[in-house]
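Asker: I'd like to go over a predicted model; first the sequence, then the structure.
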Amino acid sequence: MKTIDEFKTYFDAQMYPDLLVLDARRKKVLTRSTWVVLITLGLLALLIAIYHTIGMSAAAETSITIYVIVAVLILIVAGVSLGSWARDKTFYSDFKAQVIERIVNFISPDLVYEPKNFVGSDSFERSRIFLKSVDRYKGDDMVRGKIDKTQIWFSEVKAEYKTTTTDSKGNRKTSWHTIFKGMFFIADFNKHFQTSTVVLPNRLGKGFLADFFNKMNLARKEKHVRLEDPDFNKHFVVYGEDQVEARYVLSTSLMKRITDFRERHGNPLYVSFVNSFLYVAINYKRDLFEPSYFKKLTNFLLVKGFYEDIYLAISIVEELNLNNRIWTKQ
């Protein structure tokens with residue numbers, strides 16, 4: 001794996017010149033947007049001042065209607081201006097090509113970046129990590145390819161379910177709730193499992209009551225598996241269809257690697273082993289791989305953050321020792 005110092009050298013030599021041009025475009029969009037907002041606020045303030053000095057004396061509904069229509073027209077013109085004159089239509093796609101794609105290619109030439117593609121909902125459901133029925137699913141920023149011997153896929157995804165309520169007046173309201181938002185990773189584990197094993201965050205802590213409620217997870221066909229690793233159990237709770245295979249898959253060394261990964265990176269972590277694949281879901285509250293018009297693109301620390309997000313997913317192969325082919329598929 002490449003080091004951060006190597007990436008800094010690559011950033012200075014290969015990325016910085018192009019990012020200067022892209023950052024100038026960012027500043028142009030920001031400047032134009034600022035002018036549109038300031039002019040819009042000024043016109044609305046002027047309209048309110050005119051109403052207070054002239055319109056109130058008329059005290060007629062038609063007079064108020066005219067002012068409302070003018071205010072709406074000002075807002076429409078402002079919206080059109082922000083969407084056309086102030087907008088750079090290719091800024092986001094150029095950012096993906098000049099920043100995210102270059103980072104992926106720098107890490108490994110065997111990886112392919114597809115900004116509009118993402119891990120499918122069928123894979124998401126097949127992982128058995130999240131059992132809630134998905135009503136809306138989207139994503140982007142797919143990376144796929146090989147790290148040494150291991151085939152991988154990962155992308156940002158967001159899965160949601162909806163609820164519908166009806167108030168006393170018969171009005172229906174639909175609300176959307178997040179099942180998962182973050183990075184979803186798949187790797188070929190080079191072993192065909194007969195059953196599924198799922199590792200979830202331990203949200204109940206330890207003790208008799210925690211064990212009782214973990215065992216009472218009736219939504220799962222997998223049963224609670226108690227493992228003899230206190231550090232691992234502090235962070236995770238395990239469910240498996242077969243107790244023996246779950247312990248076989250989650251060896252002492254693999255449990256330590258998963259625990260170390262969780263403690264090093266901090267984000268809530270979900271893992272499952274289904275068929276011949278390893279699934280890893282890493283929670284993020286923020287959007288990944290997206291530029292901000294308010295942040296300088298030539299700042300290495302900003303680009304380093306994108307590098308670390310991508311490297312985090314790819315490092316799963318190394319940190320979980322997936323290239324050490326101790327098993328073979330049947």
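Answerer: Perfect, thanks for sending it.

Asker: please parse the chain into its domains.
Answerer: 4-83, 109-319 (automatic domain parsing).

Asker: the ones you listed: which one's closest to residue 93?
Answerer: Of all the domains of the chain, domain 109-319 sits nearest to residue 93, with 7.2 Å by C-beta to C-beta. For every residue, glycine as well, the C-beta is placed using N, CA and C.

Asker: avg pLDDT for the closest one?
Answerer: Mean pLDDT, domain 109-319: 87.

Asker: returning to what we had before: looking at the domains of the chain, which is closest to residue 97?
Answerer: That would be domain 109-319 among the domains of the chain, by C-beta to C-beta, at 7.9 Å.

Asker: how far does the closest one stretch from one end to the other?
Answerer: End-to-end distance of domain 109-319: 20 Å, with C-alpha to C-alpha, to the nearest Å as the criterion.

Asker: picking that back up, out of the domains of the chain, which is closest to residue 95?
Answerer: domain 109-319 (4.5 Å).

Asker: returning to that earlier point: would you reformat the domains of the chain as JSON lines and include mean neighbour count and distance to residue 89?
Answerer: Output for the domains of the chain, formatted as JSON lines (neighbours: other C-beta atoms under 10 Å; distance: least, C-beta to C-beta, whole Å):
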{"stretch": "domain 4-83", "mean neighbour count": "13", "distance to residue 89": "10"}
{"stretch": "domain 109-319", "mean neighbour count": "16", "distance to residue 89": "14"}
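
Asker: reformat those as TSV; add distance to residue 93.
Answerer: Converted to TSV, the domains of the chain look like this (distance: least, C-beta to C-beta, whole Å):
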stretch	distance to residue 93
domain 4-83	11
domain 109-319	7
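
Asker: can you tell which of the ones you listed is closest to residue 92?
Answerer: Once the domains of the chain are compared by C-beta to C-beta, domain 109-319 is nearest, at 6.7 Å.

Asker: quick one: the strands in the stretch 1-150 of the chain?
Answerer: 111-114, 136-147, 150-166 (DSSP state E, counting those that start in this stretch).

Asker: can I get the ones you listed in TSV including distance to residue 26?
Answerer: Shown next, in TSV, are these (distance: least, C-beta to C-beta, whole Å):
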stretch	distance to residue 26
strand 111-114	21
strand 136-147	19
strand 150-166	22
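
Asker: and residue 282, which of those is closest to it?
Answerer: strand 150-166 (9.2 Å).

Asker: what's the next helix or strand after the closest one packed up against?
Answerer: Note on strand 150-166: by DSSP states H and E, the next helix or strand toward the C-terminus is strand 172-188. Applying 3 or more C-beta pairs under 8 Å, 6 or more residues apart in numbering; DSSP states H and E, one finds that strand 172-188 contacts helix 121-126, strand 150-166, strand 277-283, helix 300-319.

Asker: quick one, strand 172-188 and strand 136-147 angle?
Answerer: If you take axes from the mean of the first three to the mean of the last three C-alpha atoms, to 10 degrees, strand 172-188 sits at 10 degrees to strand 136-147.

Asker: partners of strand 172-188 in the sheet?
Answerer: strand 150-166 (antiparallel), strand 277-283 (antiparallel) (DSSP bridges).

Asker: what sits against residue 322?
Answerer: 147, 150, 187, 189-190, 278, 316 (C-beta atoms under 8 Å, 6 or more residues apart in numbering).

Asker: contacts for stretch 147-156, please.
Answerer: 108, 110-111, 117-119, 123, 139-146, 182-188, 190, 284, 287-289, 313-314, 316-318, 322-323, 325.

Asker: other residues contacting the strand or helix carrying residue 263?
Answerer: Counting by DSSP H and E, the element that carries residue 263 is helix 252-265. For helix 252-265, contacts defined as C-beta under 8 Å, 6+ apart pick out 199, 227, 229, 231-232, 235-236, 250, 269, 271, 282, 312, 316, 319-321.

Asker: ok, now with 7 Å
Answerer: The contact list for helix 252-265, computed with C-beta atoms under 7 Å, 6 or more residues apart in numbering, reads 199, 227, 229, 231-232, 235, 269, 271, 312, 319-321.

Asker: no further questions, thank you.
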